[in-house]
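Colleague: Provided below for reference: sequence and predicted model.
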Amino acid sequence: MDADGFKDFAKEMTDYIANYLENIRDRRVLPTVEPGYMKPLLPSEAPQAPEKWEDIMSDIERVIMPGVTHWHSPRFHAYFPTAQSYPAIVADMLSGAIACIGFTWMASPACTELEVLMLDWLGKMLELPNEFLASSGGKGGGVIQGTASEATLVALLGAKAKKIRQVKEEHPDMTDNDIIAKLVAYASCQAHSSVERAGLLGGVKFRLLDVDSKYKLRGDTLAEAIRQDREKGLIPFYAVATLGTTCSCAFDKLDELGPVCNREDVWIHVDAAYAGSAFICPEFRYLLKGIETADSFNFNPHKWMLVNFDCSTMWLKDPTYVINAFNVDPLYLKHDQQGSAPDYRHWQIPLGRRFRALKLWFVLRLYGVENLQKYIRNHVTQAHEFEAHVKSDSRFEIVAEVILGLVCFRLKGSNDINEMLLKRINGAGYIHLVPSKINDTYFLRLAICSRFSESQDIDNSWREIKLRADELLEEQSVTK
Ligand SMILES: Cc1ncc(COP(=O)(O)O)c(C=O)c1O
């Protein structure tokens, strides 16, 4: 493809994208295809001779779209949102064009330097303590990871390296293996599955602790677990506080957990994958109380801050432990400026990394903080509008406090009836929800996800849920 062909193709694609997104509301949110649907639509081998880009364009609606779940439809309410915006899409085009691999500063200085600066911009937007910022002149700083799961694992590996070193200083006779066998980490039983998985990948024990009646992990629960484990001869080294759990958007008591961890010399990592974006609004920053006690903090602008996947921002007060944990230094990666700017390869698991800071830069500049704040507030307002609908119907109940853009609700009654309701809702394909369960109570989750979502959409989604509930309850009363 030559440059003229690229320009034509890209223009056509830009039109297609804008059309797709602006009319996404008209599409069925869930596809109806069966596994294997695509095989008969494509040849079994790659073409020998080049095709025309126009052929690809015409295959998008024929081959791809029938199997797409439309995550950006205002009728998509499953999981948590994944972000998307025009500035971020354009930034990804430029990132694709520069196509550098910024593993060291030298490998593409702009890639590293923009990331350092953007993480400072963003950290200031959240009012993170100065110690997390590169501009503080201390050790701290931020990095873009691919996902929150990676951030949790990276922090765990840093904490593990730190604790092994500390214990060895006190007990030089102990081997790494002796120490690792005794390490124990903690999180709430409501933490995301990636937290427990970080323990498996890191080869350490992980204890998932009970929560209070509002699904928060409390300081005294953690303190007691640490006490019990020390009594057994174990070595507590890492804890994860979740701000905005996946099941119900509950907030662990960071201001209680942090002091316990600081006192016990346990690394505390904060996972605010979804909720973190809300902290750009001063009125939600109370949820971040205790952040000054944290060793590392992470959230996903790729969830709720209009930056396309993948952009999971992580800050460390002292990245040295992470850097040392992964430091393998072959000659071909060394460079003359080593030590004067971060070499991000030491801050992450893979070596290669894309120029992801461009997405943040474009989004922050083209929206401005005030429009990003408006965006968050608008979603929270819509969640409260949906909450009010649920409360207005005595057949339903709210399951967890609505704080941000997630509403957990259920029909009063058995788990079975709620499972049947969800099956009907998703079967009709007009809206899409996923369920969750806490303490054996099954409920439905409605997340405000789309950047196109308006109050009218929320009213429509509620109407659909009521309709399916009416049908179900009617059928149930006839069969009784
Ligand atoms: C609280 C929490 N932590 C971690 C994750 C995992 O995020 P990622 O896909 O970026 O690894 C999620 C995903 O929804 C989440 O809600």
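Modeller: Okay, I see it.

Colleague: Show me which residues of the protein are close to the ligand?
Modeller: With the criterion set to C-beta under 6 Å from any ligand atom, the chain comes near the ligand through 80, 147-149, 192, 194, 242, 244-246, 271, 273-274, 300, 312. Where C-beta positions appear, they are placed from N, C-alpha and C, glycine not excepted.

Colleague: which stretches of this protein form strands?
Modeller: 141-145, 183-188, 205-209, 235-242, 267-271, 296-299, 312-316, 396-398, 406-411, 434-438, 441-447 (DSSP state E).

Colleague: does residue 407 really touch residue 398, like I thought?
Modeller: Yes - Residue 407 is in contact with residue 398 according to C-beta atoms under 8 Å; the separation is 7.1 Å.

Colleague: send the alpha carbons of stretch 460-470 over as CSV?
Modeller: C-alpha atoms of stretch 460-470 as CSV (Å, rounded to 0.1, in the frame of the first residue of the first chain):
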residue,chain,number,x,y,z
ASN,A,460,-35.1,2.7,28.4
SER,A,461,-32.9,0.2,30.1
TRP,A,462,-35.1,0.3,33.2
ARG,A,463,-38.3,-0.1,31.0
GLU,A,464,-36.7,-3.2,29.5
ILE,A,465,-35.9,-4.7,32.9
LYS,A,466,-39.4,-4.0,34.2
LEU,A,467,-40.9,-5.6,31.1
ARG,A,468,-38.9,-8.8,31.5
ALA,A,469,-39.7,-8.8,35.2
ASP,A,470,-43.4,-8.4,34.4
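
Colleague: Can you tell me how far the residue most central in space within the chain is from residue 173?
Modeller: With distances taken as C-alpha atoms, centre = their mean, residue 273 lies nearest the centre of the chain, 3.9 Å away. Distance, residue 273 to residue 173, by C-beta to C-beta, to the nearest Å: 41 Å.

Colleague: try residue 456
Modeller: 69 Å.

Colleague: Contacts for the lowest-mean-pLDDT helix or strand in the chain next, please.
Modeller: Ranking every helix and strand in the chain by mean pLDDT, DSSP states H and E puts helix 320-325 at the bottom, with a mean of 87. Residues outside helix 320-325 that contact it (C-beta atoms under 8 Å, 6 or more residues apart in numbering) are 139, 154, 155, 157, 158, 159, 160, 161, 162, 316, 346, 347.

Colleague: switch the cut-off to 6 Å
Modeller: For helix 320-325, contacts defined as C-beta atoms under 6 Å, 6 or more residues apart in numbering pick out 154, 157, 158, 161, 162, 346, 347.

Colleague: Make TSV from those and add neighbour count and pLDDT to it.
Modeller: Shown next, in TSV, are these (neighbours: other C-beta atoms under 10 Å; pLDDT from 0 to 100):
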residue	neighbour count	pLDDT
154	26	96
157	21	95
158	26	94
161	20	93
162	21	95
346	20	84
347	22	88
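
Colleague: so how far does stretch 438-449 reach from one end to the other?
Modeller: End-to-end distance for stretch 438-449, by C-alpha to C-alpha, to the nearest Å: 22 Å.

Colleague: And it, how far out from the chain middle?
Modeller: 18 Å (C-alpha atoms, centre = their mean, to the nearest Å).

Colleague: Low-confidence bits of the chain, can you list those?
Modeller: 330-334, 480 (pLDDT under 70).

Colleague: tell me, how many neighbours does residue 385 end up with?
Modeller: 15 (other C-beta atoms under 10 Å).

Colleague: Test my guess that it contacts residue 457.
Modeller: No - assessed by C-beta atoms under 6 Å, residue 385 is found out of contact with residue 457, at 10.1 Å.

Colleague: re the thing from before, and the least confident helix or strand of the chain, which residues are buried?
Modeller: Within helix 320-325, the residues that count as buried by 16 or more other C-beta atoms under 10 Å are 321, 322, 323, 325.

Colleague: same thing with stretch 217-236?
Modeller: 217, 218, 219, 221, 222, 223, 225, 226, 229, 234, 235, 236.

Colleague: try stretch 178-190
Modeller: 179, 180, 182, 183, 184, 185, 186, 187, 188, 189, 190.

Colleague: could I have that stretch exported to CSV, CA atoms only?
Modeller: Output in CSV follows, covering the C-alpha atoms of stretch 178-190 (Å, rounded to 0.1, in the frame of the first residue of the first chain):
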residue,chain,number,x,y,z
ASP,A,178,13.1,-20.7,53.0
ILE,A,179,11.8,-17.1,53.0
ILE,A,180,9.4,-17.4,50.0
ALA,A,181,7.8,-20.5,51.7
LYS,A,182,6.8,-18.3,54.6
LEU,A,183,5.6,-15.2,52.7
VAL,A,184,1.9,-14.4,53.0
ALA,A,185,-0.1,-11.6,51.3
TYR,A,186,-3.6,-10.3,52.0
ALA,A,187,-6.7,-8.9,50.3
SER,A,188,-10.4,-8.8,50.8
CYS,A,189,-12.5,-11.7,49.7
GLN,A,190,-14.1,-9.1,47.4
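
Colleague: And for residue 86, the neighbour number?
Modeller: Counted by other C-beta under 10 Å, the residues lying close to residue 86 total 16.

Colleague: correction: residue 342
Modeller: By other C-beta under 10 Å, 20 other residues sit near residue 342.

Colleague: now do residue 29
Modeller: Neighbours of residue 29 (other C-beta under 10 Å): 23.

Colleague: try residue 463
Modeller: 13.

Colleague: same deal with residue 9?
Modeller: By other C-beta under 10 Å, neighbour count at residue 9 equals 16.

Colleague: Next one: residue 19 from residue 186, what distance?
Modeller: Residue 19 is 49 Å from residue 186, by C-beta to C-beta.

Colleague: try residue 11
Modeller: Noted for residue 11: a distance of 53 Å to residue 186, by C-beta to C-beta.

Colleague: Let me see the contact set for the residue nearest to the centre of the chain.
Modeller: 148, 299, 300.

Colleague: okay, these in JSON lines with neighbour count next?
Modeller: Output for these, formatted as JSON lines (neighbours: other C-beta atoms under 10 Å):
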{"residue": "148", "neighbour count": "24"}
{"residue": "299", "neighbour count": "28"}
{"residue": "300", "neighbour count": "29"}
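
Colleague: Mind picking the one among the residues you listed that's closest to the ligand?
Modeller: residue 148 (3.6 Å; C-beta to the nearest ligand atom).

Colleague: Could you verify my assumption that that closest one touches residue 312?
Modeller: Yes - Residue 148 is within contact range of residue 312, at 5.2 Å (criterion: C-beta under 6 Å).

Colleague: Mutual contacts of the two, please.
Modeller: residue 300.

Colleague: Could you check how many residues crowd around residue 405?
Modeller: Neighbours of residue 405 (other C-beta under 10 Å): 29.

Colleague: what residues are up against it?
Modeller: Contacts of residue 405 (C-beta under 6 Å, 6+ apart): 379, 380, 383, 447, 448.

Colleague: and the third one, what does it touch?
Modeller: Yep, that's residue 383 we're talking about. Per C-beta under 6 Å, 6+ apart, neighbours of residue 383: 402, 405, 407, 448.

Colleague: Now distance to residue 294 too, for those, in JSON lines please.
Modeller: Formatted as JSON lines, the contacts of residue 383 follow (distance: C-beta to C-beta, whole Å):
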{"residue": "402", "distance to residue 294": "26"}
{"residue": "405", "distance to residue 294": "23"}
{"residue": "407", "distance to residue 294": "28"}
{"residue": "448", "distance to residue 294": "27"}
